[in-house]
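Chemist: sequence first, then the predicted structure:
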Amino acid sequence: MLSWTRAWRLPYGGLEPSRTSLSRLPVAPSSSGRGGAEPRPLPLSYKLLDGEAARPALVFLHGLFGCKTNFNSIAKALAQQTGRRVFQAFGCPCPECGCQCCPPHSTLQVLTVDARNHGDSPHSPDMSYEAMSQDLQDLLPQLGLVPCVLIGHSMGGKTAMLLALQRSSSLPQPELVERLVAVDISPVETTSVSDFPAYMAAMRAINIPDEVPRSCARKLVDKQLSSLIQDMAVRQFLLTNLVEADGRFVWRVNLDALAQHVDKILAFPPRQESYPGPTLFLLGGNSDFVHPSHHAEIKRLFPRAQTQTVPNAGHWIHADRPQDFMAAIRGFLA
């Protein structure tokens, strides 16, 4: 039986239920860029699927405009399917995992996280990859989820890559990342293929009258977005960020911070060290985010990288082809 542990992390290890109202989200001051000091980590919102700790936990990091719930169904399925394979590795004779020593509900630990300025996590003017990496370096050891398998999509993939590079074997405490999956992203600047700046402009231009009925709000916003964003699937994805707070509809993502740092989000911090662990770059067959010209930099930073393409998938592979996405992850973990 699967059971999500929902938690909002507070300083000093306190826990309280995950929050959804924007009016309650704490806003943290920026602390990066002052004399080379490390960014101040934020208490991220997360969901933890408790399971067997026989193998490193799976940690899912969403992309720009996403949130931790993007991976709910995939996380649960992978936890079950991969957990069964762990029990088989321990000597279970049942190929279908139906006996008592390998119960059908065997799971691995899986964590899904809201990045800063997304979902239920705090807002901050700092939206650098260094800051997002520091958030995770603070969270994962406190949850006892080290080493872990980092699976990051788009912006989350760049965060995962930076964290792995920062905690490579040439640096202290290299044990945090056991292996890495970067989903349709590379350690290269992606401005030329990204429509995210246009999405931000469209979202910031939305005008929602006060006291608009809940039943009309999404339709009204969708209609306004449609003049600039023709893809209905993209609009529906962006609309997951529309929430009601104090009787008004607002975007729960911190659009000001995202717009201010969009160039940094679409770039990647220059690094010299490499990550020695197993790495999978999982690409969408219909996506242009990872170009063949990126492969040299991928190999330089991730010498053990392998690349796999999912046919008929765009940038959001896990949404377009979920079964193929999970099959690729299971194959890599095996």
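Modeler: Sure thing, it's come through. Numbering: from 1, shown residues only.

Chemist: just the CA coordinates of stretch 303-312, formatted as CSV?
Modeler: C-alpha atoms of stretch 303-312 as CSV (Å, rounded to 0.1, in the frame of the first residue of the first chain):
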residue,chain,number,x,y,z
PRO,A,303,32.2,10.9,-19.1
ARG,A,304,30.0,7.9,-18.3
ALA,A,305,26.9,9.4,-20.0
GLN,A,306,24.7,7.4,-22.2
THR,A,307,22.0,8.9,-24.4
GLN,A,308,18.6,7.4,-25.2
THR,A,309,15.8,8.9,-27.4
VAL,A,310,12.1,8.3,-26.8
PRO,A,311,10.3,8.4,-30.1
ASN,A,312,7.2,10.5,-30.6
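
Chemist: show me what counts as buried in it.
Modeler: In terms of neighbour count (16 or more other CB atoms under 10 Å), stretch 303-312 has its buried residues at A305, T307, T309, V310. Any C-beta I mention is one placed from the backbone N, CA and C, and that applies to glycine too.

Chemist: show me what it is in contact with.
Modeler: 274, 276-286, 295, 298-299, 317, 320-321, 324-325, 328, 332 (CB atoms under 8 Å, 6 or more residues apart in numbering).

Chemist: any idea how far A131 is from P39?
Modeler: Distance, A131 to P39, by CB to CB, to the nearest Å: 4 Å.

Chemist: more neighbours: these two, which one.
Modeler: Neighbours per residue (other CB atoms under 10 Å) separate A131 from P39, with A131 holding more: 25 against 22.

Chemist: pretty sure the more buried one contacts A115?
Modeler: No - A131 is beyond contact range of A115, at 9.7 Å (criterion: CB atoms under 8 Å).

Chemist: if we only consider the buried residues of stretch 303-312, which is nearest to Y199?
Modeler: Nearest to Y199 out of the buried residues of stretch 303-312 is V310 (CB to CB; 22.9 Å).

Chemist: state the distance from the closest one to L180.
Modeler: Distance from V310 to L180, by CB to CB: 17 Å.

Chemist: dump the residue contacts of the most centrally placed residue in the chain.
Modeler: Residue closest to the average C-alpha location in the chain (CA atoms, centre = their mean): L61, at 1.7 Å. Residues counted as contacts of L61 (CB under 8 Å, 6+ apart) are V113, A115, L136, L150, I151, G152, H153, M155, G156, G157, T159, A160.

Chemist: tell me the one of these nearest N241?
Modeler: A115 (12.6 Å).

Chemist: so for the closest one, what's the pLDDT?
Modeler: The per-residue pLDDT reported for A115 equals 98.

Chemist: nearest residue to it in space, please, no chain neighbours.
Modeler: Distances taken as CB to CB, 6 or more residues apart in numbering place M132 nearest to A115, at 5.8 Å, with adjacent residues excluded.

Chemist: can you give me the strands for the stretch 101-250 of the chain?
Modeler: Counting by DSSP state E, counting those that start in this stretch, the stretch 101-250 of the chain has strands at residues 110-113, 148-153, 177-183, 242-245, 248-251.

Chemist: now the ones you listed as CSV including mean neighbour count?
Modeler: As requested, these are exported to CSV (neighbours: other CB atoms under 10 Å):
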stretch, mean neighbour count
strand 110-113, 27
strand 148-153, 28
strand 177-183, 25
strand 242-245, 16
strand 248-251, 18
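
Chemist: turn those into TSV, including distance to A198.
Modeler: Output for the strands of the stretch 101-250 of the chain, formatted as TSV (distance: least, CB to CB, whole Å):
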stretch	distance to A198
strand 110-113	27
strand 148-153	20
strand 177-183	22
strand 242-245	18
strand 248-251	15
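
Chemist: quick one: residues contacting the closest residue to W251 other than its chain neighbours.
Modeler: Using CB to CB, 6+ apart and skipping the chain neighbours, the partner closest in space to W251 is N241 (5.2 Å). By CB under 8 Å, 6+ apart, N241 lies in contact with F65, C67, M203, W251, R252, V253.

Chemist: what about the fifth one, distance to H315?
Modeler: In this case it means R252. 22 Å.

Chemist: just the CA coordinates for stretch 119-131, please, in PDB.
Modeler: C-alpha atoms of stretch 119-131 as PDB (Å, rounded to 0.1, in the frame of the first residue of the first chain):
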ATOM      1  CA  GLY A 119       4.500  25.000  -6.200                       C
ATOM      2  CA  ASP A 120       4.300  25.200  -2.400                       C
ATOM      3  CA  SER A 121       7.900  26.100  -1.800                       C
ATOM      4  CA  PRO A 122       8.900  29.600  -0.600                       C
ATOM      5  CA  HIS A 123       9.500  32.500  -3.000                       C
ATOM      6  CA  SER A 124      12.900  34.200  -3.200                       C
ATOM      7  CA  PRO A 125      14.500  36.800  -5.500                       C
ATOM      8  CA  ASP A 126      17.400  34.300  -6.000                       C
ATOM      9  CA  MET A 127      16.700  31.900  -8.800                       C
ATOM     10  CA  SER A 128      20.200  30.700  -9.700                       C
ATOM     11  CA  TYR A 129      21.100  27.000 -10.200                       C
ATOM     12  CA  GLU A 130      23.600  27.400  -7.400                       C
ATOM     13  CA  ALA A 131      20.700  28.300  -5.000                       C
END
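
Chemist: nothing else from me, thank you.
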